[in-house]
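Student: Need a 3D model of the sequence below.
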Amino acid sequence: MKKKYLTILGFALICRLNAFSQIKEDTSRNKNPFGLYTPIDVDDTASYYPTQLGVEEINLVSSYYNQNGDHSAVTGGIGTEKVTDFSNGLDLKLFWYGQPKHKNILSFGLGIDHHTSASAAFVSTSGASKTGGSRIYPSLDWTIENEIKGTSFGLGTYYSGEYNYKSLGADIHFSKKTNDKSGEFGMKLQAYFDHVTLIYPSELIPQSTVAVSSGPTYVTTASGNSVLSGSSSTPSIPTSPRNTYTISVSYSQMINSRLQVMFLADAVAQKGYLSLPFHRVYFTNKKDTIEKLPSSRFKLPLGLRANYFLGDNIILRSYYRYYTDNWGSNSNTANLEMVYKITPFFSVSPFYRYYNQSAAKYFAPYEVHNATDTYYTSNYEYAKFNSQFFGVGFRIAPPTGVMGWQHLHDFEIRYGHYSQSTNLVSDVISVALGFK
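Tutor: Residues are numbered from 1 along each chain as shown. From the prediction side, this is the model:
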């Protein structure tokens with residue numbers, strides 16, 4: 001069961017985020033109506049700065065996602081990958097001035113997903129069929145902008161929880177504009193501390209499975225299966241830690257009045273239990289076991305974004321990313337979106353994304369792994385494949401407000417279709433409302 005639904009709201013938030021948003025949204029920067037970073041326009045003659053909380057913007061996003069395929073990791077690389085998900089997200093941004101031209105921005109986010117998955121019925125350890133679940137993920141960010149120096153500094157925290165996975169994260173972020181305000185350097189340090197509930201397939205559970213504190217220990221049962229060893233007669237479901245550390249740097253530059261570019265780089269290190277025990281693997285000898293992957297991973301994504309104003313009515317947004325990691329996987333992503341303003345208040349945005357990746361060295365399909373392999377997975381997330389994602393968005397932002405409601409300043413709906421060379425297909429539709 002591929003957890004594609006975990007990224008659904010990320011697609012939906014395209015409606016709300018600017019074209020230069022980074023991995024883990026950073027809402028601390030200022031954008032113009034076209035989604036580009038621009039210098040902050042400050043009236044030097046202004047003498048009044050609000051010290052009480054004011055609402056800068058409120059964004060609501062809902063999306064529906066449907067997926068189907070036949071390479072479920074839960075059943076060893078075969079079987080249904082059918083997933084449906086309904087997501088809702090709230091983004092609230094408040095501001096106040098502690099002193100002249102020192103702007104405080106407090107951003108609060110809350111997301112809730114509910115998903116159903118046909119393959120989840122094969123995860124159950126108690127015989128009960130569990131085919132769905134919910135995830136909740138709040139976030140809080142506080143940023144201080146010095147509008148004179150063009151600098152900002154902020155702190156953020158995140159939480160995500162579902163029935164088998166809990167994650168707590170925090171970040172520190174900083175940005176600095178160039179003297180002429182045409183460029184901006186940004187840096188973010190992030191850490192995520194996750195705990196995975198080690199839910200095993202029912203046929204692989206020894207009667208004495210107990211909690212472990214330093215990762216799972218495998219033993220071979222009489223049937224030849226590798227399972228977690230235990231030392232107590234009291235059954236329980238153990239958990240195992242997984243930590244992720246990321247450093248992100250970016251630099252955006254306005255080349256001229258029509259072109260703006262941004263360079264992005266991330267370094268990601270993961271430590272801990274990186275497998276999922278309810279992902280089965282079938283060997284060439286027909287025996288099955290659970291997925292086993294190394295306890296560390298290093299990722300290096302490098303990206304380039306470019307926005308170009310092609311006349312008064314067309315904006316071209318492009319993105320390229322190269323990715324590599326020490327598990328042997330490399331990938332390329334190319335994305336192009338065209339925003340066409342039919343009227344000053346109504347725009348249509350067709351988009352297309354192409355992606356390809358090489359297989360991780362620990363991946364093999366159903367019944368291809370050897371029992372002597374050190375690491376093994378049949379999760380097609382690590383397989384060689386290419387994919388295409390295309391769709392269209394529609395946005396209205398009349399000056400008098402949507403349907404005459406002044407505070408509802410924009411409404412957007414987007415649809416996307418995804419297809420993968422492994423026969424995985426999905427569709428997602430999202431609706432976003434922006435209030436000011």
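Student: Doesn't Tyr308 lie inside a strand?
Tutor: Yes - when classified by DSSP: H, G, I helix; E, B strand; the rest coil, Tyr308 is found to be part of a strand.
Student: Compute the distance between it and Val348, please.
Tutor: Distance of Tyr308 to Val348, computed by Cβ to Cβ, to the nearest Å: 18 Å. (C-beta placed from N, C-alpha, C; glycine too.)
Student: cool, and Asn146?
Tutor: 38 Å.
Student: out of those two, which sits in the more crowded spot?
Tutor: Asn146 (16 against 13; other Cβ atoms under 10 Å).
Student: ok, now which ones touch the more buried one?
Tutor: The contact partners of Asn146, taken as Cβ atoms under 8 Å, 6 or more residues apart in numbering, are 101-102, 152.
Student: Just grab the bridge partners of it for me.
Tutor: When bridges are called by DSSP bridges, Asn146 pairs up with His102, Thr151.
Student: now swap in Leu304 and tell me
Tutor: Going by DSSP bridges, Leu304 forms beta bridges with Phe263, Tyr320.
Student: Over to the one 10 residues further on?
Tutor: Under DSSP bridges, the beta-bridge partners of Ile314 are Leu310, Tyr340.
Student: That one contacts Ile342, doesn't it?
Tutor: No - between Ile314 and Ile342 there is no contact under Cβ atoms under 8 Å: 10.8 Å.
Student: Give me the below-cutoff pLDDT ranges for the stretch 1-150 of the chain.
Tutor: 1-51, 124-131 (pLDDT under 70).
Student: how about the nearest residue to Leu168, chain neighbours excluded?
Tutor: Take Leu168 and drop its neighbours on the chain: the residue closest to it by Cβ to Cβ, 6 or more residues apart in numbering is Phe193, 5.1 Å away.
Student: Ok, Gln270 next?
Tutor: Arg297 (4.4 Å).
Student: buried stuff in the helix or strand harbouring that neighbour?
Tutor: According to DSSP states H and E, Arg297 maps onto strand 296-310. Residues of strand 296-310 classed as buried by neighbour count (16 or more other Cβ atoms under 10 Å): 297, 299, 301, 303, 305-307, 309.
Student: hey, C-alpha coordinates of that strand in PDB?
Tutor: Provided in PDB are the C-alpha atoms of strand 296-310 (Å, rounded to 0.1, in the frame of the first residue of the first chain):
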ATOM      1  CA  SER A 296      20.600   5.300   7.300                       C
ATOM      2  CA  ARG A 297      20.000   7.200   4.100                       C
ATOM      3  CA  PHE A 298      21.300  10.400   2.600                       C
ATOM      4  CA  LYS A 299      19.400  12.400   0.000                       C
ATOM      5  CA  LEU A 300      20.600  15.300  -2.200                       C
ATOM      6  CA  PRO A 301      18.000  17.200  -4.200                       C
ATOM      7  CA  LEU A 302      19.100  20.100  -6.400                       C
ATOM      8  CA  GLY A 303      16.500  22.400  -8.100                       C
ATOM      9  CA  LEU A 304      16.100  25.400 -10.300                       C
ATOM     10  CA  ARG A 305      12.900  27.500 -10.800                       C
ATOM     11  CA  ALA A 306      12.300  30.200 -13.300                       C
ATOM     12  CA  ASN A 307       9.200  32.400 -13.800                       C
ATOM     13  CA  TYR A 308       8.800  34.500 -16.900                       C
ATOM     14  CA  PHE A 309       6.300  37.100 -17.700                       C
ATOM     15  CA  LEU A 310       5.400  36.600 -21.400                       C
END
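Student: what's the neighbour count on Val249?
Tutor: 14.
Student: ok, and it, which helix or strand is that part of?
Tutor: Counting by DSSP H and E, Val249 is found in strand 239-254.
Student: so what's the residue nearest to Leu168 bridging to?
Tutor: Beta-bridge partners, per DSSP bridges, of Phe193: Leu168, Asn243.
Student: Please look at it and Pro241 and confirm they touch.
Tutor: Yes - Phe193 is within contact range of Pro241, at 7.1 Å (criterion: Cβ under 8 Å).
Student: show me what contacts Gly393?
Tutor: Gly393 touches 14-15, 348-351, 412-415, counting by Cβ under 8 Å, 6+ apart.
Student: With secondary structure and distance to Asn423 as extra columns, can I get those residues in CSV?
Tutor: Below are these laid out as CSV (DSSP: H, G, I helix; E, B strand; the rest coil; distance: Cβ to Cβ, whole Å):
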residue, secondary structure, distance to Asn423
Ile14, helix, 26
Cys15, helix, 29
Val348, strand, 31
Ser349, strand, 28
Pro350, strand, 25
Phe351, strand, 23
Glu412, strand, 31
Ile413, strand, 28
Arg414, strand, 24
Tyr415, strand, 21
